[in-house]
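Visitor: Mind folding the following:
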Amino acid sequence: MASTTPEPGLGSAVRTDIDHARPPHRVLADRLNAGDARAAAALAELVAIDPRGTLARLAAVVGDAAADLLARHDLVIAPLPEPVRAALDAAPVVDLGPPSRPVSIGELDESFTEFEAPIFDNLNYFCAAMRLTGFVDPGGADGLVVQVLWTGLGNGRINLNFGWYGFDGSGDWLNPASLVLADEDQTDTYAYGGSAELALPNGTVTVAVAPHPEFGERIGPVAAVMLAVTADRDGCDRTFLTPDQLVPHLGLPASARPLFTLDHWQHPSAGAPASASSDLVLAVEALRERRAITRTVTGATRDDNIRARLNHIGGYEGY
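Guide: Sure thing, here's the model as predicted:
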């Protein structure tokens, strides 16, 4: 992996001090079986927020009795939207060992609505590309990692940030694991008509510094370079960390296994919940069912998200 410079930020690595000896859903099940009214109210709230996730987490500790617990309290889980169900059924199931605790769409929604998530339509930075990787941790807690290529107001750096969700820890995307792929001394030399050489995590690439063929002068040269280096799968592979690199870099559980990687999906707009995107709902359910998805529900591309950003809040000409 190419040498990179840490980018200061907020947050911390994945917590390793959490005691999983007695998972909270095991406690919840015990209290439900004891007739605890507060536990019943908590179950109803959890099902309202994340129905399939709640059922899966209960099933991980009590097995088939989980469905009985819900039925006993008159809680019904609605079926997935047909397009999501069809995309799941089209993907193979991968045997990755013992059951694991799923990612909660409810927790994702909270992170996204609190702006603790990467977004394309932000006035303070320009996001050129994202990569989403789903990890299964057999016997542990699954997780999602979002890698984000961006440049921000007040600097001309090209940055790679990481958002992680699940793994039974709180998520944050501005964290000390961030990398600077090109500093201001380098990008200050960018001018239309020249070229840029970038030492990326998995290879070096030289691209023309030229207006984007579609977005033109609505974005500046640094943004155009970032779009150029991630224009195809090979470029994304050079730019983003591989799953094997993500595990030690982010301090993920060593037992975590990658299930799928996506470079294109419909990303929620700023402040919208993750569940507003059927593609992110698909990703969460694919982890739950251990489906190795290769396509999304919407078929949206990276450039679709860029278009939506430019049409919503305008260009990004500064860099």
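Visitor: biggest strand in the protein by residues?
Guide: strand 125-136 (DSSP state E).
Visitor: elements contacting it?
Guide: Judged by 3 or more CB pairs under 8 Å, 6 or more residues apart in numbering; DSSP states H and E, strand 125-136 is in contact with strand 143-152, helix 221-229, helix 233-239, helix 243-250, strand 257-262, helix 278-289, helix 302-313. To be clear about C-beta, it is placed using only N, CA and C from the backbone, and glycine gets the same treatment.
Visitor: got the CA coordinates for that strand in PDB?
Guide: Provided in PDB are the C-alpha atoms of strand 125-136 (Å, rounded to 0.1, in the frame of the first residue of the first chain):
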ATOM      1  CA  TYR A 125     -16.800  19.400   0.800                       C
ATOM      2  CA  PHE A 126     -16.900  17.600  -2.600                       C
ATOM      3  CA  CYS A 127     -17.300  13.800  -2.500                       C
ATOM      4  CA  ALA A 128     -16.100  12.200  -5.700                       C
ATOM      5  CA  ALA A 129     -16.700   8.500  -5.000                       C
ATOM      6  CA  MET A 130     -17.600   6.000  -2.300                       C
ATOM      7  CA  ARG A 131     -17.100   2.300  -1.800                       C
ATOM      8  CA  LEU A 132     -19.300   0.200   0.400                       C
ATOM      9  CA  THR A 133     -18.100  -3.100   1.800                       C
ATOM     10  CA  GLY A 134     -20.200  -5.500   3.900                       C
ATOM     11  CA  PHE A 135     -18.400  -7.700   6.500                       C
ATOM     12  CA  VAL A 136     -19.800 -10.800   8.200                       C
END
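Visitor: mind listing what it pairs with, with the direction of each?
Guide: When pairing is defined by DSSP bridges, strand 125-136 lines up against strand 143-152 (antiparallel), strand 257-262 (antiparallel).
Visitor: before we move on, back to that, the helices and strands packed on strand 125-136: which one's closest to residue 46?
Guide: Closest to residue 46 of these is helix 278-289 (CB to CB; 15.1 Å).
Visitor: for that closest one, packing partners?
Guide: Judged by 3+ CB pairs under 8 Å, 6+ apart, helix 278-289 is in contact with helix 51-62, helix 82-89, helix 105-113, strand 125-136, strand 143-152, strand 257-262.
Visitor: which stretch in those has the least confidence?
Guide: Ranked by mean pLDDT, those bottom out at helix 51-62, which scores a mean of 78.
Visitor: what stretches of the stretch 201-319 of the chain score poorly on pLDDT?
Guide: Scanning the stretch 201-319 of the chain with the threshold set as pLDDT under 70 gives 317-319.
Visitor: mind redoing it with 90?
Guide: 217, 312-319 (pLDDT under 90).
Visitor: Report how many residues lie close to the closest residue to residue 77 other than its chain neighbours.
Guide: Closest residue to residue 77 apart from its sequence neighbours, by CB to CB, 6 or more residues apart in numbering: residue 51 at 4.3 Å. Burial of residue 51 is recorded as 18 neighbouring residues (other CB atoms under 10 Å).
Visitor: what about residue 51, distance to residue 291?
Guide: 18 Å (CB to CB, to the nearest Å).
Visitor: and what of residue 224?
Guide: Taking CB to CB, one finds residue 224 at 36 Å from residue 291.
Visitor: So those two - more neighbours on which side?
Guide: Neighbours around residue 224 and residue 291, counted as other CB under 10 Å, are more numerous at residue 224. The numbers are 26 against 22.
Visitor: Hmm, the more buried one is touching residue 208, no?
Guide: No. If you go by CB atoms under 8 Å, residue 224 and residue 208 don't touch, sitting 9.1 Å apart.
Visitor: shared neighbours of those two, anything?
Guide: Listed as contacting both residue 224 and residue 208 by CB atoms under 8 Å, 6 or more residues apart in numbering is no residue at all.
Visitor: bridging residues for the residue nearest the centre of the chain?
Guide: The centroid of the chain falls nearest to residue 146 when counting by CA atoms, centre = their mean (3.4 Å). Residue 146 has these beta-bridge partners by DSSP bridges: residue 132, residue 163.
Visitor: who's in contact with it?
Guide: 117-118, 130-132, 162-165, 173.
Visitor: what about residue 311, neighbour count?
Guide: Residue 311: 9 surrounding residues under other CB under 10 Å.
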